[in-house]
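fold the following, please.
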Amino acid sequence: MPPPFLLIADDILGGFFAIDGGGLTGARGKVHYFAPDSLDWQNLDSSYSDFIGFALSGDLERFYRDSRWPTWREEIAGLPGDRALSVYPFLWADGPAVAERSRRPVPIAELWNLQQDTRRQMRGAG
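Sure, this is the predicted structure:
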């Protein structure tokens, strides 16, 4: 039995990209984005090849326009690939713009676990 999805990438704010193996909405094999500001999977309706093209030469400025702040480049410059920024108040919570929130580096796995646990609790699924 194939897994429900396969994680293929993550971003600096705890967003995750995955290929649907049948556990997400949309056609199997399509790339989805787990958005840290909604804790929902968004069907990008793109293939893995399309995703790679997007990651290397797509309009990342537009995709992340609401998630960046003036000093983001300097702030993440030395961050290792297994880390992301934990933002507080959390991005899924009401609060000020990301530039005005507290940010600190944490292991990406820690952020994934926190988001998945919170998502389950918010949806009432054990």
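
report how many residues lie close to residue 76.
Residues within reach of residue 76, counting by other CB atoms under 10 Å, total 15. For the C-beta atoms, the positions are set from N, CA and C on the backbone; glycine is no exception.

now for it: which residues touch it?
For residue 76, the contact set (CB atoms under 8 Å, 6 or more residues apart in numbering) comprises 12, 85.

Three-state assignment for the closest residue to residue 8 other than its chain neighbours, please.
Spatial nearest neighbour of residue 8, chain neighbours left out: residue 17 (5.2 Å); criterion: CB to CB, 6 or more residues apart in numbering. Of the three states, residue 17 takes strand under DSSP: H, G, I helix; E, B strand; the rest coil.

okay, now residue 17: neighbour count?
So residue 17, with other CB under 10 Å, has 21 neighbours.

list the beta-bridge partners for it.
With DSSP bridges as the criterion, residue 17 is bridged to residue 9, residue 33.

hang on, isn't residue 6 packed against residue 22?
No. The pair residue 6 / residue 22 is not scored as a contact, 10.8 Å apart, by CB atoms under 8 Å.

neighbour-wise, which of those two wins?
Per other CB under 10 Å, whichever of residue 6 and residue 22 has more neighbours is residue 6, with 15 against 12.
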